[in-house]
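**Student:** have a look; sequence and predicted model below, questions after that.
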Amino acid sequence: MPKPKNPVFRENIYTFPNFLTFSRLLSAPVIGYLVLKSNHVWAASVFIYACLTDLLDGVIARKYGLQSIVGSVLDPMADKILMITLTGCLAWNGNLPLWIATIIFGRDFLLGLSAVYYRYVSLPPPKTMKRYWDFSIPSAEVHPTTISKYNTALQMGLITVSVLKPLLLQSLTVELQALALQAICGLEYTVAATTILSGLSYVFSKTAVKILSEEEIERRRLDQLKLVENSKQSRIDSCDEEKK
């Protein structure tokens, strides 16, 4: 007899780390608006919050076993949306050179097209728009390359400096301002170089994107079911202990 088809595996995406990541997504347009309005204090404050969520969501997910495939996609997506939004806004008001913004935008645009392609080819049938945007259905994993991790840190450093620059420079002497601007210029060239290299690394890396096989998806489904059962059993044992 033919084996019954396995039900579509859906992850639990409603976890605290994912909520933190989603809040970082929502903070991007808020920070961008504050930057455009030259509200430097509030822009810096909300940006610091976004940086903290970027740190905490991964730590909490690893510590409490809340990693998810959607998290591996949503986390870098939130980082990129934040970076793209601030890059555009900072370039618009002159706090970031236009040529740097062009390099960053070009790389992220090409990577975005690649993500659209890999999501489509890896999505289990039927390939509908509803299922395409349902990220609780896993199909592929993204593994950042080493140079990409360095580039992300450098980009974040440059964006941080650019957001805080109006507040920092006004507290420095003229001589220190000149030194600070030279250091920022060096950071800009470093970010440009690593941005280009990181884009090339995704093209030539064989491990950056992994399309999940049916066996892997089934294994993840069984692992999640086991976690649910263990959680239920733990609650039952806890209730029994309280009754005693």
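**Tutor:** Arrived safely, thanks for sending.
**Student:** in the chain, which helix or strand is least confident?
**Tutor:** Least confident helix or strand, the chain: helix 214-243 with a mean of 68, by mean pLDDT, DSSP states H and E.
**Student:** what's the spacing between the residue sitting nearest the centre point of the chain and residue 108?
**Tutor:** The residue lying closest to the centre of the chain (C-alpha atoms, centre = their mean) is residue 76, at 1.9 Å. Taking C-beta to C-beta, to the nearest Å as the measure, residue 76 and residue 108 are separated by 11 Å. Where you see a C-beta, it was placed from the backbone N, CA and C, and this is true even at glycine.
**Student:** could you name every residue contacting both of those two?
**Tutor:** Shared contacts of residue 76 and residue 108, defined by C-beta atoms under 8 Å, 6 or more residues apart in numbering, are absent.
**Student:** so which helix or strand takes in the residue nearest to the centre of the chain?
**Tutor:** Using DSSP states H and E, residue 76 falls within helix 69-92.
**Student:** quick check: mean pLDDT of the helix or strand just after that helix?
**Tutor:** Toward the C-terminus, helix 69-92 is succeeded by helix 98-122 as the next helix or strand (DSSP H and E). The average of the pLDDT scores along helix 98-122 is 85.
**Student:** secondary structure class for the nearest residue to residue 161 once chain neighbours are set aside?
**Tutor:** Counting by C-beta to C-beta, 6 or more residues apart in numbering, residue 161 lies nearest to residue 184, which is 5.9 Å off, once chain neighbours are set aside. Following DSSP: H, G, I helix; E, B strand; the rest coil, residue 184 is assigned to helix.
**Student:** quick one: residues contacting residue 184.
**Tutor:** Counted by C-beta under 8 Å, 6+ apart, residue 184 has contacts 158, 161, 162, 165.
**Student:** inside helices: which ones of the residues you listed?
**Tutor:** Within the contacts of residue 184, residues falling in helices by DSSP state H are 158, 161, 162, 165.
**Student:** and for the third one, the neighbour number?
**Tutor:** This points to residue 162. 23 (other C-beta atoms under 10 Å).
**Student:** that one contacts residue 90, doesn't it?
**Tutor:** Yes - with contact defined as C-beta atoms under 8 Å, residue 162 reaches residue 90; the gap is 4.8 Å.
**Student:** got any residues that touch both of the two?
**Tutor:** In contact with both residue 162 and residue 90: residue 96, using C-beta under 8 Å, 6+ apart.
**Student:** pull the distance from the strand or helix carrying residue 195 to the chain's centre.
**Tutor:** Using DSSP H and E, residue 195 sits within helix 174-204. Chain-centre distance of helix 174-204: 21 Å, with C-alpha atoms, centre = their mean, to the nearest Å.
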